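Chemist: next comes the sequence, and after it the predicted model I'd like to discuss.
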Amino acid sequence: MTERKIRVLVAKPGLDGHDRGAKVVARALRDAGMEVIYTGLRQTPEMIAESALQEDVDAVGLSILSGAHMALAPRVLELLRANGQENVQVFIGGIIPDEDVPRLLEMGVAGVYGPGTSTEVIVRDIRNAVLGVKNEA
């Protein structure tokens, strides 16, 4: 029995030029059997949403270290919805203040991860969100 691999787009929106964390997560997702598309640095929300549509992904991982997460994440979510991709799960990693996490989750972000988060947790959460399994707290 061969099941379709989970497809994840990993993107670096905005002007932040640091992508080591994004590459570590991308490699962990790949090693866990997921198909990973890495967009590279300095992507606009429009570029990310278009890539997600073209690549027919199940999830989008945004790596944001610049502090622009409250502007970039809502725009990516809006564009995905406009493309009819309400089912695409969006995850954010990076420097995200604790007080912003509840608002991001309310907007529809499926998970928020700060520095030091185990890649096993990220892999589990993406797999569970895509497959419709509730994460245990």
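Modeler: Cool, got the structure.
Chemist: show me where this protein has strands.
Modeler: Using DSSP state E, the strands assigned to the chain run over residues 7-11, 35-38, 59-64, 89-94, 111-113.
Chemist: buried set for stretch 119-130?
Modeler: If you call a residue buried by 16 or more other CB atoms under 10 Å, then stretch 119-130 has these buried ones: 122-130. The C-beta positions use only the backbone N, C-alpha and C, and glycine is treated the same way.
Chemist: repeat for stretch 27-45
Modeler: Applying a neighbour-count criterion of 16+ other CB under 10 Å, one finds 28-29, 32, 34, 36-39, 41, 43, 45 buried in stretch 27-45.
Chemist: can I get the CA coordinates of that stretch in PDB?
Modeler: What follows is stretch 27-45, C-alpha atoms only, in PDB (Å, rounded to 0.1, in the frame of the first residue of the first chain):
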ATOM      1  CA  ARG A  27      15.500  18.500   6.300                       C
ATOM      2  CA  ALA A  28      13.600  17.100   9.300                       C
ATOM      3  CA  LEU A  29      10.300  17.000   7.300                       C
ATOM      4  CA  ARG A  30      12.100  15.300   4.400                       C
ATOM      5  CA  ASP A  31      13.700  12.800   6.700                       C
ATOM      6  CA  ALA A  32      10.200  12.000   8.100                       C
ATOM      7  CA  GLY A  33       9.000  11.100   4.600                       C
ATOM      8  CA  MET A  34       7.400  14.300   3.600                       C
ATOM      9  CA  GLU A  35       7.900  16.000   0.300                       C
ATOM     10  CA  VAL A  36       9.400  19.500   0.900                       C
ATOM     11  CA  ILE A  37       9.500  22.400  -1.400                       C
ATOM     12  CA  TYR A  38      11.800  25.200  -0.200                       C
ATOM     13  CA  THR A  39      11.100  28.600  -1.800                       C
ATOM     14  CA  GLY A  40      14.200  30.400  -0.700                       C
ATOM     15  CA  LEU A  41      14.700  33.800   0.800                       C
ATOM     16  CA  ARG A  42      12.700  37.100   0.500                       C
ATOM     17  CA  GLN A  43       9.400  35.700  -0.700                       C
ATOM     18  CA  THR A  44       6.300  37.900  -0.700                       C
ATOM     19  CA  PRO A  45       3.000  36.500   0.600                       C
END
